[in-house]
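> Pasting the sequence and the predicted coordinates here, then a few questions.
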Amino acid sequence: MSMMAGGGHGQKAEMNVTPLIDVLLVLIIIFLVIMPVKEHGLQTQIPQQATDSAAAAPLHDVVVTISKDNAITINRQPVEFAALPERLARIYETAPSAHFFVQGDRELAYQDVAQVIDIARGAGWQRIGLMTR
C-alpha cells in the first residue's frame with residue numbers, strides 16, 4: 001500500500017498480486033502432476049469365466065514354443081524359422097477358430113517373441129495369447 005503525501009487526496013490502496021500469482025502457479029503445477037497421462041500399451045482381453053466346461057474346452061490349440069537357443073516348435077514339432085510363415089498360414093487355413101499361443105523361454109529377448117507374433121499376424125491369426133510357463 002502506498003500513501004500520497006500532500007494535496008488533500010485520500011489514501012490510495014493498491015492490491016499486491018504477487019502472492020496471488022504464486023498460489024496460482026503452484027496450483028497449476030499440482031494439477032499438471034496429478035493429471036493422468038495417456039497410457040500406451042498392447043490391447044489385451046481378459047479371459048472370461050466359463051459357464052459350461054464342455055463349451056469352454058477348445059477343440060485344438062496351436063502353441064508355438066521358442067527356446068533360448070531360438071529353436072521353434074509348433075505343438076512340439078520342430079519347425080525351421082524360414083518355414084514358419086508358410087506353416088502358420090496352412091494351419092490357419094485348416095483351423096481358423098483354433099486358439100494361438102506363443103510361449104517363449106524366460107532368457108529369450110522380447111524381440112524374438114515379437115517377431116514370431118508378427119509372423120503369426122501376417123499368416124492371419126488375430127487373437128494371439130502369451131503363455132508364461
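Arrived safely. Residues are numbered from 1 along each chain as shown.
> Every contact and neighbour count from this point should use C-alpha atoms.
Noted.
> Which residue ranges of this structure form strands?
Assigned by DSSP state E, the strands in the chain fall at 61-66, 72-74, 77-79, 99-104, 128-131.
> What lies in contact with the third one?
For strand 77-79, contacts defined as CA atoms under 8 Å, 6 or more residues apart in numbering pick out Ala71, Ile72, Thr73.
> Can you tell me which of those are buried?
Buried members of the contacts of strand 77-79, counted by 16 or more other CA atoms under 10 Å: Ile72, Thr73.
> mean pLDDT for the strands of the chain: which is lowest?
Least confidently modelled of these is strand 128-131, at a mean of 87 by mean pLDDT.
> Provide the strand pairings for that strand, with the direction of each partner.
strand 99-104 (parallel) (DSSP bridges).
> and the angle from the partner strand to strand 61-66?
20 degrees (axes from the mean of the first three to the mean of the last three CA atoms, to 10 degrees).
> which residues touch strand 99-104?
By CA under 8 Å, 6+ apart, the surrounding residues in contact with strand 99-104 are 58, 60-68, 113, 116-117, 125, 127-133.
> wait, what's in contact with the residue lying closest to Glu86 once chain neighbours are set aside?
Of all residues not flanking Glu86 in the chain, Ala123 sits nearest, at 7.5 Å (CA to CA, 6 or more residues apart in numbering). Applying CA under 8 Å, 6+ apart, we find Ala123 in contact with Pro85, Glu86, Leu88, Ala89, Tyr92.
> Alright, I will stop here.
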